[in-house]
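Novice: build me a model:
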Amino acid sequence: MAKKIPLRQCVGCGEMKGKKDMMRVLKTAEGDICLDVTGKKNGRGAYVCKSKDCLTLARKNKGLERSFKMSIPKEVYDTLEEEFENLEAE
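Specialist: Presented below is the predicted three-dimensional model:
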């Protein structure tokens, strides 16, 4: 029997994709928001496709705000975009 691939919905474009093809954005117990590269950290996770367009879409349609049920300051999105750029550069 084939192993089931865990699917997650992108908070930007709304597409369902495999968990490994996405970036996990994490809200920690302290309320900090960061990229979880390992996908194993504790906290509430939301998923975004590995493209900057989806992060921009998530920013526009407030996808992360809905996932985390809180308002997210502009600086947090700027930091996430920087982290995204660093990952793409690797």
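
Novice: which residues does the longest helix along the chain contact?
Specialist: The residue-count maximum for a helix in the chain (DSSP state H) belongs to helix 74-89. The contact list for helix 74-89 (CB atoms under 8 Å, 6 or more residues apart in numbering) reads 23, 25, 33-35, 37, 50, 52, 55, 59. Yep, even glycine has a C-beta here, placed from its N, CA and C like the rest.

Novice: not counting its neighbours along the chain, what's nearest Val37?
Specialist: Nearest non-adjacent residue to Val37, counting by CB to CB, 6 or more residues apart in numbering: Leu87, 7.4 Å away.

Novice: quick one: which of the contacts of helix 74-89 has the most company?
Specialist: Counting neighbours by other CB atoms under 10 Å, Val25 comes out on top of the contacts of helix 74-89 with 26 neighbours.

Novice: isn't that residue up against Lys41?
Specialist: No: contact criterion CB atoms under 8 Å: Val25 and Lys41 do not qualify, at 10.9 Å.

Novice: just checking, which helix or strand of the protein averages the lowest pLDDT?
Specialist: Every helix and strand of the chain was ranked by mean pLDDT, DSSP states H and E. The lowest is helix 74-89, at a mean of 84.

Novice: let's see the pLDDT reported for Arg59.
Specialist: At Arg59, the predicted lDDT confidence score is 92.

Novice: what is the burial count for the closest residue to it other than its chain neighbours?
Specialist: Closest residue to Arg59 apart from its sequence neighbours, by CB to CB, 6+ apart: Tyr77 at 5.0 Å. Neighbours of Tyr77 under the rule other CB under 10 Å: 16.
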